[in-house]
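In: just need the structure, nothing else, for what follows:
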Amino acid sequence: MLAQQRTVMAARTRPALARAMSLRPARAPIAVKAMMPGTPASGLNPELRATIDKVIQNNKVVLFMKGTKQFPMCGFSNSVVQILTAFNVPFQDVNILEDDRLRSGMKEYSQWPTFPQVYINGEFVGGADIMIQMYQSGELAELFERELNS
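Out: Numbers count the residues shown, from 1 in each chain. Model (predicted):
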């Protein structure tokens, strides 16, 4: 019963989140492909690892997702965008659909098989299921308070 109430509550707040998203200035997604020299199509090579490290180190919150924050191409990615937007957290989005090397390399880098993938202050937090669970429990608000305001 409680889970159904949470689902109904989340569904009711989505239009407000969508409106809030449209009012925030857009920040261009990082084009990781353009930052990398030509590399083989499989595995996580040193250049790709260095590029991913740089993106994660240079941004407090990074969302590796399908699509962009302005145009998510997956329901799970959209859910995480809405959660981050609800907290008014500035975040860098990286579209993993633009480069198959990035897509496969991120799975190896994080040891996490699915997308989206969220990093906060250089640490891998998880995917949509974990972000939703942390949002619902209040743990995510505590994490943002602790990590982003320090």
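
In: output stretch 104-114 in PDB with nothing but the alpha carbons.
Out: What follows is stretch 104-114, C-alpha atoms only, in PDB (Å, rounded to 0.1, in the frame of the first residue of the first chain):
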ATOM      1  CA  SER A 104      31.000  -0.400 -23.000                       C
ATOM      2  CA  GLY A 105      33.900   1.300 -21.200                       C
ATOM      3  CA  MET A 106      31.600   2.800 -18.500                       C
ATOM      4  CA  LYS A 107      30.300  -0.700 -17.700                       C
ATOM      5  CA  GLU A 108      33.800  -1.900 -17.000                       C
ATOM      6  CA  TYR A 109      34.900   1.400 -15.300                       C
ATOM      7  CA  SER A 110      32.000   1.300 -12.800                       C
ATOM      8  CA  GLN A 111      31.500  -2.500 -12.700                       C
ATOM      9  CA  TRP A 112      27.800  -1.700 -13.100                       C
ATOM     10  CA  PRO A 113      26.000  -3.200 -16.100                       C
ATOM     11  CA  THR A 114      23.200  -0.700 -16.700                       C
END
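
In: now do it: everything it contacts.
Out: 41-45, 48-49, 52, 64, 76, 96, 115, 117, 124, 126-127 (CB atoms under 8 Å, 6 or more residues apart in numbering). Using the backbone N, CA and C atoms, a C-beta is placed for each residue, glycine as well.

In: assign a three-state SS to the most centrally placed residue in the chain, would you?
Out: Nearest to the mean C-alpha position of the chain, by CA atoms, centre = their mean, lies L63 at 2.0 Å. Assigned with DSSP: H, G, I helix; E, B strand; the rest coil, L63 falls in the strand class.

In: where are the low-confidence patches of the chain?
Out: 1-43, 150 (pLDDT under 70).

In: what are the ranges of the helices in it?
Out: Under the criterion DSSP state H, helices of the chain are mapped to 2-23, 32-35, 46-57, 75-86, 100-110, 128-137, 139-148.

In: ok, the closest residue to Y135 other than its chain neighbours to S104 distance?
Out: Distance criterion CB to CB, 6 or more residues apart in numbering; nearest residue to Y135, sequence neighbours excluded, is I83 at 5.0 Å. Relative to S104, I83 is positioned 26 Å away (criterion: CB to CB, to the nearest Å).
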